[in-house]
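Enquirer: Here's my sequence, what's the structure:
(one chain, ligands or ions: 1)
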Amino acid sequence: MNALDGKVAIITGGTQGLGGAYTEAFIRHGACVVIGDVRDEEGPDFAARLNATAGTVRVLYEHLDVTKAEEWSRIAGIAEARFGRLTTLVNNAGVPGRDGIEDTTEESWARTINVDLKGCWLGMKTCIPAMRRAGGGAIVNTSSTSGLVGTGRGAPYCSAKGGVVALTKTAAAQYGAENIRVNAVHPGLVDTPRNKNISDEWRREMLRGTPLGRMARPDEIANAVVFLASDASSFMTGSSLIVDGGMTAI
Ligand SMILES: NC(=O)c1ccc[n+]([C@@H]2O[C@H](COP(=O)([O-])OP(=O)(O)OC[C@H]3O[C@@H](n4cnc5c(N)ncnc54)[C@H](O)[C@@H]3O)[C@@H](O)[C@H]2O)c1
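Expert: Presented below is the predicted three-dimensional model:
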């Protein structure tokens, strides 16, 4: 028995970085996945490669901008139509927003809050009715260590990721009675495409503050997300699972 046998998941931003690792792990653990992403050039090839390895169609790539309600309705319908039900949502898509309070523009504030926070809310709003039809479900929302502690930079990002924690708790409170669990994952610094261009100075500073002294591999965060999506975490809801190499412990 695989941890995610019988689960049908939507994973946003599921073609690269953390989302790509989640998609691969979910398939390995028995789930079917509909990836929603805006990488329409690369997404179909990524799904095709995973299906070729699986020897059957277990992954679909669909265009989804998480800030657009109508695109959410479309992808939730596709998951139910193609795989019979929708049990799982991983709200992973996100964009950074690394400016401080005074340097942040209204445009960058709106973009980060819309993708990282509104996208989570729209995903839950759209997918929960399908989970109700499936008899329950599990939602994993992506926060960050920046949703727990101040970093001195990234005003819109920290605000969005802190908002994800409150949104997760309120959804957990609202839907527990319907067997829909909602938890948040808080990665520390992870080796993904978005971090390829961070300055050496910032990287050194982050790693100095990480007891394990290195960045995470995406698969190390995927292990935690598989756990939250699986029945192994059946009594967890409204929780924050921190996977940060000890960054927030010191
Ligand atoms: N990498 C880290 O160190 C780290 C740490 C903590 C939290 N996180 C969070 O984990 C998540 C994934 O991070 P990553 O490092 O893999 O990022 P990434 O930039 O490598 O990948 C992000 C993915 O989201 C997609 N995306 C962006 N905007 C979208 C939109 N509007 N609609 C749909 N998809 C969209 C991108 O196309 C991409 O596939 C993000 O929410 C991020 O904030 C990352």
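
Enquirer: and residue 108, what element?
Expert: For residue 108, the host element (DSSP states H and E) is helix 106-113.

Enquirer: any idea how far the residue lying closest to residue 187 once chain neighbours are set aside lies from the ligand?
Expert: Leaving aside its sequence neighbours, residue 187 sits nearest to residue 221 (C-beta to C-beta, 6 or more residues apart in numbering; 4.8 Å). Where C-beta positions appear, they are placed from N, C-alpha and C, glycine not excepted. Residue 221 sits 8 Å away from the ligand, going by C-beta to the nearest ligand atom, to the nearest Å.

Enquirer: Doesn't residue 221 lie inside a helix?
Expert: Yes. Looking at residue 221 with DSSP: H, G, I helix; E, B strand; the rest coil, it is inside a helix.

Enquirer: Show residues contacting stretch 56-64.
Expert: With C-beta atoms under 8 Å, 6 or more residues apart in numbering as the test, stretch 56-64 has contacts from 12, 15, 23, 27, 31-38, 40, 43-44, 46-47, 50-51, 71-72, 74-75, 78, 82.

Enquirer: what distance separates the start and the end of it?
Expert: 23 Å (C-alpha to C-alpha, to the nearest Å).

Enquirer: By residue count, which strand of this protein is the longest?
Expert: Identified as the longest strand of the chain according to DSSP state E is strand 180-187.

Enquirer: So is the helix holding residue 108 next to the ligand?
Expert: No. With C-beta under 6 Å from any ligand atom as the criterion, the ligand is not reached by helix 106-113; the gap is at least 8.8 Å.

Enquirer: got it, and stretch 240-247?
Expert: No. Using C-beta under 6 Å from any ligand atom, stretch 240-247 stays clear of the ligand, with a minimum separation of 8.2 Å.
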